[in-house]
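Trainee: Model the following, please.
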Amino acid sequence: MIACSGSTGCASGLTDVQADAQHLAQIPNRTQTTIHLSGCDKFCAHRGTTDLTLVAIAPDTYEVRRGRDVVGVKPRGAALDWTQTQLIQRPAPDNLRQWAVTGMAGGKV
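Mentor: Alright, predicted model coming up:
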């Protein structure tokens with residue numbers, strides 16, 4: 001897992017990335033998913049691609065990416081919950097598409 005300092009250590013950080021990374025680090029990563037949490041769109045901590053990237057785009061709001069593809073925008077808690085499920089078991093592509101349409105589009109919770 002890669003995480004920047006977030007709002008607690010950087011003026012550009014829009015959310016507490018370090019707290020979120022600590023939360024996710026407690027989850028068994030059964031899928032060996034690489035994760036990057038970024039407090040803003042500068043990507044200072046890591047400029048490469050990871051399996052999952054959460055980018056803070058507003059206070060307590062993450063844009064969620066799988067590889068380079070944006071799969072949606074979600075409030076902080078919901079983005080962390082979804083990421084947690086990805087560490088345990090990745091959904092089939094059809095399920096991911098459905099999630100992107102129903103769960104992420106339009107900021108639905």
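Trainee: and residue 52, how far is that from residue 73?
Mentor: Per CB to CB, to the nearest Å, residue 52 is found 14 Å from residue 73. In this view, the C-beta of every residue, glycine as well, is placed from N, C-alpha and C.
Trainee: Between the two, which is the more surrounded one?
Mentor: Between residue 52 and residue 73, residue 52 has the larger neighbour count (other CB atoms under 10 Å), namely 23 against 18.
Trainee: so that one bridges to which residues?
Mentor: Beta-bridge partners recorded for residue 52 (DSSP bridges): residue 35, residue 66.
Trainee: And the pLDDT for it?
Mentor: pLDDT, residue 52: 92.
Trainee: I figured it hits residue 82, correct?
Mentor: No: using CB atoms under 8 Å, residue 52 makes no contact with residue 82, being 9.2 Å away.
Trainee: Give me the common contacts of these two.
Mentor: By CB atoms under 8 Å, 6 or more residues apart in numbering, residue 52 and residue 82 have these common neighbours: residue 64.
Trainee: SS state for residue 56?
Mentor: strand (DSSP: H, G, I helix; E, B strand; the rest coil).
Trainee: Find the residue closest to it in space, skipping its chain neighbours.
Mentor: Leaving out its chain neighbours, the residue that sits closest to residue 56 by CB to CB, 6 or more residues apart in numbering is residue 14, at 3.9 Å.
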